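Q: any chance you can model this:
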Amino acid sequence: MTDLIVCNTGPIIALTIVDQLRLLNSLFSQVVVPDQVHQEILCGGSSGVGVSMYVQADWIARARVSQPIDELLTSLLDAGEASVIQLARELPASRVLLDERKARKIARTVYGLAVIGTAGILVLAKRKGLLSNVRSTLLDMREKGYWLHEDIMASAAKAAGEV
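A: Okay, here's the model as predicted:
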């Protein structure tokens, strides 16, 4: 089990729509969302996707960013992504869970954070015997409205040994 992961809104929603949010609890000793992400999930947009499963996941901790968010983050990213990166800098986070390309690049190259995406979580889960098929889970996510580029799906399937 890996240590702590700080999560963004999109991946949590993606995992809830395919009933796989529990994977985070199985893979990480601590799962944390910044207050900003918590509020984004609770708002749930017009569909409310993922709200009930998220609220029931009492193993997901909320944390407040204690330092002002770096201006670079607030100028380039949305509030949730910026708060995930800032909180990961403040906590001894082993990884950040982000799907948006620009946020991933900034987290990795500017702040030196270890980044994983939703597809990577599924691959990790399969390797640990917690998930039987990555590609079918990603297809299910896509069918339920979570956008995934075909290259990401192919790369994840290959990494999971499904090609």
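
Q: show residues contacting the helix or strand hosting residue 121.
A: Per DSSP states H and E: residue 121 is located in helix 118-127. Residues from elsewhere that reach helix 118-127 (Cβ atoms under 8 Å, 6 or more residues apart in numbering): 10-11, 14-15, 20, 23-24, 26-27, 97, 99, 116, 131-134, 137-138, 141, 146, 148, 152-153, 155-156, 159-161. All C-beta spots, glycine's among them, are computed from the backbone N, C-alpha and C.

Q: buried set for it?
A: Of all the residues in helix 118-127, those buried under the rule 16 or more other Cβ atoms under 10 Å are 118, 119, 120, 121, 122, 123, 124, 125, 126.

Q: now the two most distant members of these.
A: 118 and 126 (13.1 Å; Cβ to Cβ).

Q: what ranges does the chain have for its strands?
A: 2-7, 28-34, 60-63, 95-97, 115-116 (DSSP state E).

Q: for residue 104, find the nearest of the ones you listed.
A: Across the strands of the chain, residue 104 has its closest neighbour in strand 115-116 (4.9 Å, Cβ to Cβ).

Q: list the contacts for the residue nearest to residue 142 when sequence neighbours are not counted?
A: Distances taken as Cβ to Cβ, 6 or more residues apart in numbering put residue 148 closest to residue 142, at 5.1 Å, once the chain neighbours are dropped. Residue 148 sits next to 118, 119, 138, 141, 142 when contact means Cβ under 8 Å, 6+ apart.

Q: would you mind giving the buried residues of helix 118-127 as TSV with pLDDT and distance to residue 52 added?
A: TSV is the format used below for the buried residues of helix 118-127 (pLDDT from 0 to 100; distance: Cβ to Cβ, whole Å):
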residue	pLDDT	distance to residue 52
118	97	19
119	97	24
120	97	25
121	98	20
122	98	22
123	98	27
124	97	25
125	97	22
126	97	26
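
Q: in the longest helix seen in the chain, what counts as buried?
A: The residue-count maximum for a helix in the chain (DSSP state H) belongs to helix 79-90. For helix 79-90, a neighbour-count test (16+ other Cβ under 10 Å) marks 79, 80, 81, 82, 83, 84, 85, 86, 87, 88, 89 as buried.
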